[in-house]
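J.: Give me a 3D structure for the following:
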Amino acid sequence: MTEQISARLVAALNHLAQTRHCITYGALAAQIGLDGPGRIRRLTDLLEALMEEDAARGRPLRAALVTGKASGGVPAPGFFLKASALGLCPYPLPPERAKAFHDAQLEALFAAS
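T.: Numbers count the residues shown, from 1 in each chain. The predicted structure is shown next:
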């Protein structure tokens, strides 16, 4: 099941990058078939694994396409914490720097699609 969910996640993120759109965590979880308690945590675990893969390959972070409802149009704080752990940005970031980092990731994703 996890392989199917992972494949759906990658396909959904690729489509979002190609169409230059972002999605909320909840909407993405529903789209790829994650349901039940802990679905957002399971999604963020999958997204963090993709962040590791993207960083290792020198690619923009596909997880930047996923934003939080309550985070003002940027990903949840865990995205920035993981990016910091990967050496891509400091943590914590002031809101304007978080937005700038996020915008740069989106621009790179959209340019690569």
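
J.: So for the spatially most central residue of the chain, what's the pLDDT?
T.: With distances taken as C-alpha atoms, centre = their mean, the residue of the chain nearest its centroid is Ala63 (1.5 Å). We have a pLDDT of 98 for Ala63.

J.: Glu52 too?
T.: So Glu52 comes in at 98 (pLDDT).

J.: In a strand, it, correct?
T.: No - residue state for Glu52 (DSSP: H, G, I helix; E, B strand; the rest coil) corresponds to helix; a strand is not indicated.

J.: Straight-line length of stretch 28-38, end to end?
T.: 14 Å (C-alpha to C-alpha, to the nearest Å).

J.: Run the chain-centre distance for it.
T.: Here stretch 28-38 shows a centroid-to-chain-centroid distance of 15 Å under the convention C-alpha atoms, centre = their mean, to the nearest Å.

J.: for it, which positions count as buried?
T.: Across stretch 28-38, burial judged by 16 or more other C-beta atoms under 10 Å covers 28-29, 32, 34. From N, CA and C alone the C-beta is placed, and that goes for glycine too.

J.: got CSV for the residues you listed, with distance to Ala112 too?
T.: Below are the buried residues of stretch 28-38 laid out as CSV (distance: C-beta to C-beta, whole Å):
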residue, distance to Ala112
Leu28, 20
Ala29, 25
Ile32, 21
Leu34, 26
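
J.: which one of those residues is nearest Phe110?
T.: Each of the buried residues of stretch 28-38 was checked against Phe110 using C-beta to C-beta; the closest is Leu28, at 17.5 Å.

J.: picking up where we left off before, so who does the residue nearest to the residue nearest to the centre of the chain when sequence neighbours are not counted touch?
T.: Nearest residue to Ala63, sequence neighbours excluded (C-beta to C-beta, 6 or more residues apart in numbering): Leu47, at 4.1 Å. Applying C-beta atoms under 8 Å, 6 or more residues apart in numbering, we find Leu47 in contact with 9, 62-63, 66, 79.
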